[in-house]
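**Q** Give me a model of this one.
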Amino acid sequence: MIDVLLVDDQEMLRSALATILGSAPGIRLVGQAGDGATAYDLARHSKPDVVVMDIRMPGMDGLQATRLICADPELTHTRVLVLTMFELEDYVYQALKAGAAGFLLKDAPAATLIDAIERIHGGESLLAPSIMRQVIAHYVADPVTPARPIPQVTPREREIWLLVAQGLSNSEIESQLFISHATCKTHISALLRKTGSRDRAQLVVHAYQSGLLPAGGGSAD
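**A** Here you go, the predicted structure:
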């Protein structure tokens, strides 16, 4: 079972989402919150696998709650899926920096929400191409984004890291490089460990901050 904490300040929407999640096989709704402070308290108590997080909420917003959850050593396995009204929203960039593993529009179909939760729980990131372009643009425009060193990685790890940063899934990487699923997972696990990343989304962040993948999106020399 995937334990999910649902966070949204709109009671009607939260109720609808709770109905969807409550009826989905393999998903257990362990709590609901209407603000970031309550969400963080519930997360520390229930230790969910995935937090479905709204951003714009009264009091503590979802951005701060995401930052607290992702920085909490007792919640290292918890992943945050951000719900947003608009693809081009500054909060998307800020939430990714705070540690969010993925983003989904609030008008996405129910099946897409379930799939996103399952994918994030499985260690993937959920970054649509339009959102990825926004993130890249922000990193280019943000003069205070700190540079990060590239850790010691093998040539194969570096190759896989570039593909992850360009948004390819495990199956796409395996097909492109002619490697097995187990081999791909082993390399990605090593990259997560060497970069200190929580998940694939953070690998993308590190790739741009280190200059491994330039702002144009192509492979670094």
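**Q** avg pLDDT for stretch 112-128?
**A** Averaged across stretch 112-128, pLDDT comes to 83.
**Q** list the buried ones in it?
**A** Of the residues in stretch 112-128, L113, I114, A116, I117, R119, I120, H121, G123, E124, S125, L126, L127 count as buried by neighbour count, 16 or more other Cβ atoms under 10 Å. Backbone N, C-alpha and C define where each C-beta goes, glycine included.
**Q** Over to M60. Which of the three states is it?
**A** Local secondary structure at M60 is given as coil here, using DSSP: H, G, I helix; E, B strand; the rest coil.
**Q** likewise A108?
**A** A108 - assigned by three-state DSSP - is coil.
**Q** per-residue confidence averaged over the helix or strand containing L63?
**A** Assigned by DSSP states H and E, L63 belongs to helix 62-71. The average pLDDT within helix 62-71 is 94.
**Q** list the buried ones in it?
**A** G62, L63, Q64, A65, T66, R67, L68, I69, C70.
**Q** who's in contact with that helix?
**A** With contacts defined as Cβ atoms under 8 Å, 6 or more residues apart in numbering, helix 62-71 is touched by 7, 36-37, 39-40, 43, 51, 53-56, 75, 78, 80, 82, 91, 94-95, 98-100, 198.
**Q** I'd like to know which of those residues are buried.
**A** Among those, those classed as buried by 16+ other Cβ under 10 Å are 7, 36-37, 39-40, 43, 51, 53-55, 75, 78, 80, 82, 91, 94-95, 98-100, 198.
**Q** Tell me where this structure has strands.
**A** With DSSP state E, the ranges of strands along the chain come out as 2-7, 27-33, 50-54, 79-84, 102-105.
**Q** May I see the ones you listed organised as CSV, with mean pLDDT and distance to S210 added?
**A** Output for the strands of the chain, formatted as CSV (pLDDT from 0 to 100; distance: least, Cβ to Cβ, whole Å):
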stretch, mean pLDDT, distance to S210
strand 2-7, 98, 32
strand 27-33, 96, 35
strand 50-54, 96, 27
strand 79-84, 90, 23
strand 102-105, 84, 21
